[in-house]
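Q: sharing a sequence plus its predicted fold:
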Amino acid sequence: MNIATSAGNNRADADLADVARVLAGDAQAFEGIVRRWQGPLVNMAWRYCRDRGRAEDMAQEAFMRAWRGLSLWRRESSFSTWLFALAANVYRTELKRFPTETLPLEAAPEPAGLATQHNELAAQLSHDAVRRAVLALPLRYREPVILFYFHEMDVAAASRTLGMPEGTLKARLSRARALLRQRFPRLEEERGARKVFTLESGKEAAR
Amino acid sequence: MNRVKTNLSEAERARIDTEIEVILAGEEELMPSSGFAASVMDRVRQEAALPAPIPFPWMKAIPILLLAGGGIIWSAVELVRLRVPGLGLTALGQSAQSWLTTPLPPLSTVQVRSLEQAGWVALALGISLFSWLLSRQLAGRGGLL
């Protein structure tokens, strides 16, 4: 068993224990859940809205919903899947109520070519433009992109979280990438080895 | 809008896809602010300190709702059947009446009259029971006994 799996199991065990304590009436035990999952939930919210303050408000609301609905977790799926699905629901509803101000995808600025003297800054701006363009995708394509590239999720985990078949998720990811590709046809090629997440395997692979 | 229309080759398309994947997968993690967990727990403690919400009294409400529903349906049927003038139900009454009467076996005039009277009696009883329960509820004495 590798370290990541072991850490994941420990976290799952801790979640189970905390949930049992909360359901037995120990409200303080919820703090363990909050401390373990605050990073992922805030980051997930950040990817939905790209506004730090709002992301924390949305994550807090997700935790409160989890607190109120903890008894509804049936243990058929892992606690993290249940929590992420609940959070995705909260964020989706929140963004429907108060949509983020985004440019249409066509109006998203295309990153300029890398300036030789400011490579890092230009690359950073270019990456930022692509990430912001995700917000301009229609929600049905945006959510699969947010979840697939987030927090060690693969196709299976993202599809469970969104409650859709894996095939549908793959198709939507593919369509989302096509839309982004259309918008950014001149992304600069970066040199050097780096990690990519391959859709086919749904696992991290070195390139 | 200066959208660029390009016919990308397969290789170019794959390269851009990889580039997009790298960018999206390589996003740095955001650290929650230091007081985040504490503020969530404050809200949790506040909610935990509140008394448990009073459950909706379904056991009391169901018979009342059934009676009220039955009364309303019976009234609607009677209104349609009698085609009360001035309610604009004549056209509706004709179609509804044919639907209501078709599947029923033929009844004698006496039987029809008895059923009609029984219906009115049931409606009156239902309304009486409802008002009795309502008055008990308002007086702070719930339940049937």
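A: Done, it's in. Residues are numbered from 1 along each chain as shown, chains lettered A, B, ... in the order given.
Q: what about the strands in chain A?
A: Secondary structure of chain A, counting by DSSP state E: strands at A:195-197, A:204-206.
Q: ok, chain B next?
A: Remark: no strands are assigned in chain B by DSSP E.
Q: name the residues of stretch A:36-54 that come out as buried.
A: Within stretch A:36-54, the residues that count as buried by 16 or more other Cβ atoms under 10 Å in any protein chain shown are A:36-50, A:54. The C-beta positions use only the backbone N, C-alpha and C, and glycine is treated the same way.
Q: which of the residues you listed fall within helices?
A: Counting by DSSP state H, those place A:36-49, A:54 in helices.
Q: domain boundaries for the chain, per the record?
A: Using chain A. A:1-101, A:111-207 (automatic domain parsing).
Q: nope, chain B please
A: According to automatic domain parsing, the ranges for chain B are B:10-49, B:58-138.
Q: please enumerate the helices of chain A.
A: Along chain A, counting by DSSP H, helices occupy A:3-23, A:30-49, A:52-68, A:79-97, A:119-135, A:139-148, A:155-162, A:166-183.
Q: again with chain B
A: Applying DSSP H to chain B gives helices spanning B:10-25, B:36-49, B:58-82, B:90-101, B:109-138.
Q: could you look over these and pick the most buried one?
A: Of the helices of chain B, the one with the most neighbours on average (mean count of other Cβ atoms under 10 Å in any protein chain shown) is helix B:10-25, at a mean of 17.
Q: show me what that helix is packed against.
A: helix A:119-135, helix A:166-183, strand A:195-197 (3 or more Cβ pairs under 8 Å, 6 or more residues apart in numbering or on different chains; DSSP states H and E).
Q: worst average pLDDT in these?
A: Lowest mean pLDDT within the helices and strands packed on helix B:10-25: strand A:195-197, at a mean of 41.
Q: for chain B, what are the low-confidence residue spans?
A: Residue ranges of chain B with pLDDT under 70: B:1-8, B:83-106, B:140-145.
Q: around chain A, pick out the residues from it.
A: Listed as neighbours of chain A in chain B under the rule Cβ under 8 Å from any Cβ of the partner chain: B:1, B:3-4, B:6, B:8, B:13, B:15-27, B:29-33, B:36-37, B:39-41, B:43-45, B:47-48.
Q: again, only this time at 7 Å
A: Residues of chain B lying close to chain A by Cβ under 7 Å from any Cβ of the partner chain are B:1, B:3-4, B:6, B:8, B:13, B:15-25, B:27, B:29-30, B:32-33, B:36-37, B:39-41, B:43-45, B:47-48.
Q: and stretch A:134-144, what's buried?
A: Using 16+ other Cβ under 10 Å as the test for burial, stretch A:134-144 gives A:134-137, A:141-144.
Q: which one of those residues sits closest to A:L70?
A: Lowest distance from A:L70 to the buried residues of stretch A:134-144 (Cβ to Cβ) belongs to A:E143, with 24.0 Å.
Q: with adjacent residues omitted, what lies nearest to the closest one?
A: Among residues not flanking A:E143 along the chain, A:L162 sits closest, at 6.0 Å (Cβ to Cβ, 6 or more residues apart in numbering or on different chains).
Q: equivalent analysis for A:W82, please.
A: Computed as Cβ to Cβ, 6+ apart, the closest residue to A:W82 that is not its neighbour in sequence is A:W73, at 4.9 Å.
Q: ok, that neighbour - how many residues close by?
A: A total of 18 residues lie near A:W73 under the criterion other Cβ atoms under 10 Å in any protein chain shown.
Q: and it, its phi and psi?
A: Per-residue torsions, A:W73: phi -70, psi 120 (degrees, to the nearest 10).
Q: same check, this time on B:P57
A: According to degrees, to the nearest 10, B:P57 has phi -80, psi 80.
Q: determine the number of other residues adjacent to it.
A: Under the neighbour criterion other Cβ under 10 Å, B:P57 is assigned a count of 12.
Q: likewise for B:L50?
A: Using other Cβ under 10 Å, the number of residues around B:L50 comes to 7.
Q: state the distance from it to chain A.
A: Noted for B:L50: a distance of 11 Å to chain A, by Cβ to the nearest Cβ, to the nearest Å.
Q: contacting residues for that residue?
A: If a contact means Cβ atoms under 7 Å, 6 or more residues apart in numbering or on different chains, then B:L50 has no contacts.
Q: check B:L123 too.
A: So B:L123 contacts B:71, B:74-75 (Cβ under 7 Å, 6+ apart).
Q: what's the closest of those to B:A124?
A: B:G71 (9.2 Å).
Q: quick check: the gap between the nearest residue to that closest one once chain neighbours are set aside and A:A158.
A: The shortest distance from B:G71 to any non-neighbouring residue, by Cβ to Cβ, 6+ apart, is to B:G126 (4.6 Å). Here the criterion is Cβ to Cβ, to the nearest Å. By it, B:G126 lies 54 Å from A:A158.
Q: next one: A:A55
A: Counting by Cβ to Cβ, the gap from A:A55 to A:A158 is 19 Å.
Q: now do B:F130
A: Using Cβ to Cβ, B:F130 is found at 53 Å from A:A158.
Q: no more questions from me, cheers.
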